[in-house]
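Colleague: quick one, structure for this:
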Amino acid sequence: MKDKKTLDQILHYLKTEGPLTAGDLGKRLNITSMGARGHLEKLMDRALVDTTTIRSGVGRPRKTWHLTPRAQSQFPDRHDQLTLEMIISVKEIFGDEGLTQLIEHRSQSSERIYQEKLAVHSTLASKIATLAKIRTDEGYMASYSKEDDGFLFIENHCPICAAAQACQGFCRSELQVFRTLFTPEATVNRTEYILDGARRCAYRIEPTGSPNQ
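Modeller: Next up is the predicted model:
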């Protein structure tokens with residue numbers, strides 16, 4: 001049981017932080033780099049992680065570990081093949097307009113729920129923190145950090161990735177929901193996108209009137 005917990009922690013760190021060395025993981029897990037490497041090799045045997053060798057300047061090259069596409073199955077996913085079949089069916093029966101209406105209905109429902117929970121907060125930072133918690137509860141593994149002129153809002157996992165790949169209207173609508181939530185106090189722009197090959201989706205949230213506006 002303890003071994004499984006450690007393996008799950010390693011997957012979590014690689015998911016949320018990106019490629020790491022065995023030494024990096026050892027520090028986070030409070031074990032030796034050799035111990036971390038042993039766990040990584042177990043995950044590699046299951047085709048859940050792989051390695052990349054980085055050479056920079058003099059000295060020994062660094063070996064980093066990263067998740068494989070197969071590892072995505074280890075994280076929450078609320079949409080299976082049935083969902084994809086339903087999306088296809090909606091489009092076939094009701095056309096593009098029907099699918100658009102479905103996506104808009106979902107967006108309006110989410111926006112209403114988010115607005116209610118953010119309304120009790122008065123600062124932009126507290127609203128972003130609340131949204132991060134909501135989205136984490138929904139399976140997005142969300143977090144945020146303060147930057148010079150705003151915030152970086154990160155979603156390390158996409159539980160609707162299969163649906164989004166079938167119809168990117170889901171992604172467009174979620175971006176619009178975020179923008180509506182923070183209007184007029186801030187602007188929201190997507191800076192990283194899983195469907196473009198990034199390991200996560202990230203959004204730059206900048207207060208209105210900041211130097212970059």
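Colleague: quick check: residue 160 touching residue 170?
Modeller: Yes. Contact criterion C-beta atoms under 8 Å: residue 160 and residue 170 qualify, at 6.0 Å. The C-beta positions use only the backbone N, C-alpha and C, and glycine is treated the same way.
Colleague: and the longest helix seen in the chain, what other elements does it pack with?
Modeller: Across the chain, the helix with the greatest residue count (assigned by DSSP state H) is helix 81-118. Judged by 3 or more C-beta pairs under 8 Å, 6 or more residues apart in numbering; DSSP states H and E, helix 81-118 is in contact with helix 124-137, helix 161-166, helix 169-181.
Colleague: for those helices, which has the smallest mean pLDDT value?
Modeller: Per-stretch mean pLDDT for the helices and strands packed on helix 81-118 is lowest at helix 161-166 (a mean of 76).
Colleague: other SSEs contacting that one?
Modeller: Helix 161-166 makes packing contacts with helix 81-118, helix 169-181 when contacts are defined by 3+ C-beta pairs under 8 Å, 6+ apart.
Colleague: switch those helices over to TSV; also include distance to residue 140.
Modeller: Formatted as TSV, the helices and strands packed on helix 161-166 follow (distance: least, C-beta to C-beta, whole Å):
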stretch	distance to residue 140
helix 81-118	12
helix 169-181	10
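Colleague: out of these, deepest packed?
Modeller: helix 169-181 (a mean of 19; mean count of other C-beta atoms under 10 Å).
Colleague: packing partners for it?
Modeller: helix 81-118, helix 124-137, helix 161-166, strand 186-192, strand 201-207.
Colleague: distance between the third one and the chain's centre?
Modeller: Its chain's average C-alpha position is 14 Å from that of helix 161-166, according to C-alpha atoms, centre = their mean, to the nearest Å.
Colleague: one more: the first one?
Modeller: A distance of 20 Å separates the C-alpha centroid of helix 81-118 from that of its chain, computed with C-alpha atoms, centre = their mean.
Colleague: for that helix, give the mean pLDDT please.
Modeller: pLDDT averaged over helix 81-118 gives 87.
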